[in-house]
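*Asks:* the amino acid sequence is not available; the structure is as follows:
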């Protein structure tokens, strides 16, 4: 392709600019949500912890681990689903796809920028607890190691991007405003239920590799006593990334073949 | 793909007299030629005057530039105007080229008379055209064979 | 796919087809659009015009056949970009990103086209009087069309494709649109616009292409149509003898009771004679509305 460097740079910049403008509101909304949930749960920890009735009483670290496996996980998944919305099928419904697709880009370039920006935004969202949790802990007179929060964040990100690309996949042909979220939600629910059933049905087989819920929260590696993560679930991370890759590749193929 | 070099005009001319009627059955370029011929013959446009640029005229009349090009080209062929490459279209000096205009008009009248006569005899336009083509081909053949 | 061997054609298709399930939206289309001309693409709604344009632009994939735009095959995805850098397109919907303002939309599109003409952009902006700070979702349909025109015409494109540009416009708006098209053509661009408003076509089109039921049913130069086509109306005593009137030179005919109407391309005298011989009590010829003659009843 004969193109000057400057033009090449300008066109990519334009793509990024447009994708950013489109996702801006959703990103900031998700950011606010993450910050709120993380902050509130920590600030309210005294009350939260008091609900646990057991001996020995739950430690702060254990409680935070519980949060990561609960609220924080769900708000993270919700945020990431939100980020995965949009795309060309949506534009088709809105009527602007014909304009966008007659600009001098390839369809896969659009997809690549959307995916990359989405991942960057997801990374930022995943790092919110790293910032908020230790700070909020300090406010209520507790302490929580930043490194630990970071480990959880990395896990959230690596495991959670499969939801992002799930939303990207569904939104590659569903143009409704929230259809992609609904579809991803339903398919995720289906996946969880199916694996849960299988897990219970065949207890000898270790399905926890596929158990997203547990995986996301690092269930396997959690040291019950201290509430700290013992290591990195490399196998799970690789599988998650592979699945995300497959979803992205499929989404691009769908978008390229579609008629607008 | 090359772009066609077009002439440009620097003055604004009142072109209302050139208004054409797209709804009539007459091709627009012929209407335009009529109006321009009339303007030149009635001295509205004097010899040596520059005609409006193709672009300007097309935009003013809101007709295709190709139509204007065709009209100008035909008028140039008739000897009424002169297309100077890069400079524009100019009304020919009638004194110098009066003979040419006369000749063109005479030739046209000849053709008109002949065609009318043949049609009077019942020949269709296609047949007449074939006669003319055959005659012209013969001329070309003659010239080639060599005189 | 080999690129077009004839560079004087900006659009060239061979057997282009688009099939949905059992019906053909476009069937066996052989289109040739010469460079530097203004071409009109006529046809009733649903005749396949928009589908054709979408295929030419790479928005939809043909089910059969091939096409070349500006010398590049439309099936070649990578080449599509090179085509699009030299094309301006105004869709029927003319919708733009709601969240962008007019100024943002222009700023977004401008750097993508190396031939962008800043002076033309400013002139058009002034003429159309577009408010730069207004969000696109708040623009009226007329303003949307104007913005779409600015975005397409300031590109310095070699080929401009308009799909129903005059949709729902007042006469003054139509005039502005035609002026803009003529201006672009004066710059050397080829214009290809689809419409069902015949009045737009007559004035500025050099070539006419008519589609019906997915097929190209008619194509000719505008001047030829104007010169040669006539509509003739016959009134008969009894019912009109449609079968006997279909002779050489008759493009199409329609019989309703006593009245026979036909569109003729030449051979006018014989047709009139035949009509009288078959008992026509009145003959009326009209050469009004050249294109109306052709697109009607095709």
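*Replies:* Structure received. All of these numbers come straight from a predicted model, not from anything done at the bench.
*Asks:* from residue A:108, how far out is the closest residue to residue A:113 other than its chain neighbours?
*Replies:* Nearest residue to residue A:113, sequence neighbours excluded (CB to CB, 6 or more residues apart in numbering or on different chains): residue A:15, at 4.6 Å. Where C-beta positions appear, they are placed from N, C-alpha and C, glycine not excepted. Taking CB to CB, to the nearest Å as the criterion, residue A:15 is separated from residue A:108 by 11 Å.
*Asks:* which one of these two has more residues nearby?
*Replies:* Of the pair residue A:15 and residue A:108, residue A:15 is the one with more neighbours under other CB atoms under 10 Å in any protein chain shown, namely 20 against 13.
*Asks:* from what I see, the more buried one and residue A:110 are in contact.
*Replies:* Yes - applying CB atoms under 8 Å as the test, residue A:15 and residue A:110 come out as touching, 6.8 Å apart.
*Asks:* now the end-to-end length of stretch C:210-217.
*Replies:* Terminal residues of stretch C:210-217 lie 6 Å apart, using CA to CA, to the nearest Å.
*Asks:* which residues does that stretch contact?
*Replies:* C:18, C:24-31, C:41-44, C:47-49, C:51-52, C:209, C:218-219, C:294-295, C:298 (CB atoms under 8 Å, 6 or more residues apart in numbering or on different chains).
*Asks:* likewise for stretch B:108-115?
*Replies:* Taking CB under 8 Å, 6+ apart as the rule, stretch B:108-115 contacts residue B:128.
*Asks:* list the buried residues in it.
*Replies:* Across stretch B:108-115, burial judged by 16 or more other CB atoms under 10 Å in any protein chain shown covers no residue at all.
*Asks:* and stretch B:46-53, by the same measure?
*Replies:* Quick answer for stretch B:46-53 (16+ other CB under 10 Å): B:50, B:51, B:52, B:53.
*Asks:* off-centre distance for it?
*Replies:* Distance, stretch centre to chain centre, for stretch B:46-53: 15 Å (CA atoms, centre = their mean, to the nearest Å).
*Asks:* may I have the residues that are in contact with residue A:247?
*Replies:* A:162, A:165, A:166, A:168, A:169.
*Asks:* let's see 10 Å
*Replies:* Shown in contact with residue A:247 (CB atoms under 10 Å, 6 or more residues apart in numbering or on different chains): A:84, A:161, A:162, A:163, A:164, A:165, A:166, A:167, A:168, A:169, A:170, A:172.
*Asks:* go on, residue C:261?
*Replies:* C:231, C:232, C:233, C:234, C:240, C:252, C:253, C:254, C:255, C:284, C:296, C:297.
*Asks:* and those, which of them are in strands?
*Replies:* C:231, C:232, C:233, C:234, C:252, C:253, C:254, C:255, C:284 (DSSP state E).
*Asks:* show the buried residues in the residues you listed.
*Replies:* C:231, C:232, C:234, C:252, C:253, C:255.
*Asks:* looking at chain B, which helix or strand does the model trust least?
*Replies:* helix B:94-120 (a mean of 82; mean pLDDT, DSSP states H and E).
*Asks:* before we move on, what about chain C?
*Replies:* For chain C, judged by mean pLDDT, DSSP H and E, that is helix C:290-295, with a mean of 55.
*Asks:* among the contacts of stretch C:210-217, name the buried ones.
*Replies:* C:18, C:24-27, C:29, C:31, C:41-43, C:47-49, C:51-52, C:209, C:218-219, C:294-295, C:298.
*Asks:* can you narrow the residues you listed to ones near chain A?
*Replies:* With CB under 10 Å from any CB of the partner chain as the criterion, those include C:18, C:51 near chain A.
*Asks:* who touches residue A:23 in this structure?
*Replies:* So residue A:23 contacts A:30, A:82, A:83, A:84, A:85, A:86, A:114, A:117, A:118, A:121 (CB under 10 Å, 6+ apart).
*Asks:* export the ones in strands among the contacts of residue C:261 to JSON lines and tack on pLDDT and distance to chain B?
*Replies:* JSON lines is the format used below for the ones in strands among the contacts of residue C:261 (pLDDT from 0 to 100; distance: CB to the nearest CB, whole Å):
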{"residue": "C:231", "pLDDT": "80", "distance to chain B": "10"}
{"residue": "C:232", "pLDDT": "82", "distance to chain B": "13"}
{"residue": "C:233", "pLDDT": "84", "distance to chain B": "15"}
{"residue": "C:234", "pLDDT": "85", "distance to chain B": "19"}
{"residue": "C:252", "pLDDT": "78", "distance to chain B": "18"}
{"residue": "C:253", "pLDDT": "79", "distance to chain B": "19"}
{"residue": "C:254", "pLDDT": "82", "distance to chain B": "21"}
{"residue": "C:255", "pLDDT": "83", "distance to chain B": "24"}
{"residue": "C:284", "pLDDT": "82", "distance to chain B": "14"}
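*Asks:* nearest to residue B:133 among those?
*Replies:* residue C:232 (28.9 Å; CB to CB).
*Asks:* right, and that closest one touches residue C:270 too?
*Replies:* No - with contact defined as CB atoms under 10 Å, residue C:232 does not reach residue C:270; the gap is 11.6 Å.
*Asks:* okay, and the common contacts of those two?
*Replies:* Joint contacts of residue C:232 and residue C:270 (CB under 10 Å, 6+ apart) are residue C:264.
*Asks:* against which helices or strands is the helix ranked longest in chain C packed?
*Replies:* Taking DSSP state H as the criterion, chain C has its longest helix at helix C:171-186. If you count contacts as 3 or more CB pairs under 10 Å, 6 or more residues apart in numbering or on different chains; DSSP states H and E, helix C:171-186 packs onto helix B:54-61, helix B:65-78, strand C:38-42, helix C:118-128, helix C:141-153, strand C:159-163, strand C:190-195, helix C:198-204.
*Asks:* and residue A:53, which of these is closest to it?
*Replies:* helix C:141-153 (63.3 Å).
*Asks:* which parts of the stretch 151-298 of chain C sit against chain A?
*Replies:* C:151, C:152, C:161, C:163.
*Asks:* let's have these in TSV, adding distance to residue B:89.
*Replies:* Shown next, in TSV, are those (distance: CB to CB, whole Å):
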residue	distance to residue B:89
C:151	34
C:152	30
C:161	31
C:163	35
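*Asks:* restricted to buried residues, select the residues you listed in PyMOL.
*Replies:* Burial among these is assessed by 16+ other CB under 10 Å; the matching PyMOL selection reads:
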select buried, chain C and resi 151+152+161+163
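*Asks:* with respect to residue B:73, which of the residues of the stretch 151-298 of chain C next to chain A is nearest?
*Replies:* residue C:161 (28.1 Å).
*Asks:* who's in contact with that closest one?
*Replies:* Contacts of residue C:161 (CB under 10 Å, 6+ apart): A:102, C:10-11, C:33, C:39, C:41, C:53, C:56-57, C:69, C:87-91, C:152, C:190-194.
*Asks:* so it bridges to which residues?
*Replies:* For residue C:161, the beta-bridge partners under DSSP bridges are residue C:89, residue C:192.
*Asks:* and chain B, which residues reach chain C?
*Replies:* Residues of chain B lying near chain C (CB under 10 Å from any CB): B:1-6, B:8, B:20-30, B:53-70, B:119, B:124-126.
*Asks:* only whichever of these are buried, select them in PyMOL.
*Replies:* The following PyMOL line selects those of those that are buried, judged by 16+ other CB under 10 Å:
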select buried, chain B and resi 6+20+22+25+27+28+29+30+53+54+55+56+57+58+59+60+61+62+63+64+65+66+67+68+69+70
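*Asks:* near chain A too, which of the residues of chain B next to chain C?
*Replies:* Checking the residues of chain B next to chain C against chain A (CB under 10 Å from any CB), there are no matches.
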